[in-house]
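Here is a sequence with its predicted model. Questions after.
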Amino acid sequence: MSECVFCQIISKQAPANIVYEDEQVVAFLSNRPVNEGHTLVVPKKHHENIYEIPEEKAAYLFKIAKRVAVAVRDAVSAEGIRIVQNNGWAAGQVIFHLHVHVIPMKPHEGFAHGKAYRDFSSPRLQEELETDAQKIRKQLNSPSL
């Protein structure tokens, strides 16, 4: 899957602001975040979508997504977290490597239910992404998680 950008990130052939990594999963900041702290949780083994991943691997992926969600919430003082997982082009999947979006939300940001959230995202500076990543890593390394 050398053309898959997430596979390239996993193999360290492409840069990313990684906040968590173990033998099965990697979590890194979106480079086009909806909000500060928008993190992607990705299985290291390439699965195009939810239909392809074995159930036990999906369960582990979401276990880590939950842990990342708590860390992101605390790192950016979010009042809510959206967990988004798209399957197929019609559902809004753009990168065809299974991934879970952890998107922090605050009341003033609102959420338009009738519009695709990615339409509103814009690139974030690398320095800002690294600052966000440091805050999230600090939360993930805290004894409370």
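All right, it came through fine.

switch to C-alpha atoms for all contacts and neighbour counts from now on
OK.

Now the spatially most central residue of the chain. Nearest residue, chain neighbours left out?
The chain has residue 40 as the residue nearest its centroid, 1.2 Å off, counting by C-alpha atoms, centre = their mean. Ranked by C-alpha to C-alpha, 6 or more residues apart in numbering and with sequence neighbours excluded, the top spatial neighbour of residue 40 is residue 101, at 4.7 Å.

which residues does the one you found contact?
38, 39, 40, 41, 82, 83, 84, 85 (C-alpha atoms under 8 Å, 6 or more residues apart in numbering).

cool, residue 29 as well?
By C-alpha under 8 Å, 6+ apart, the neighbours of residue 29 are 16, 17, 18, 19, 37, 38, 39, 40, 129, 133.

So what sits opposite it in the bridge?
residue 39 (DSSP bridges).

For residue 133, see how far away it is.
7 Å (C-alpha to C-alpha, to the nearest Å).

can you check residue 68 too?
With distances taken as C-alpha to C-alpha, residue 68 is found 11 Å from residue 133.

which outside residues touch the lengthiest helix in the chain?
Longest among the helix segments of the chain by residue count, using DSSP state H, is helix 55-76. With contact meaning C-alpha under 8 Å, 6+ apart, helix 55-76 is reached by 25, 27, 36-39, 41-43, 50, 78-81, 100, 102, 104, 132, 135-140, 145.
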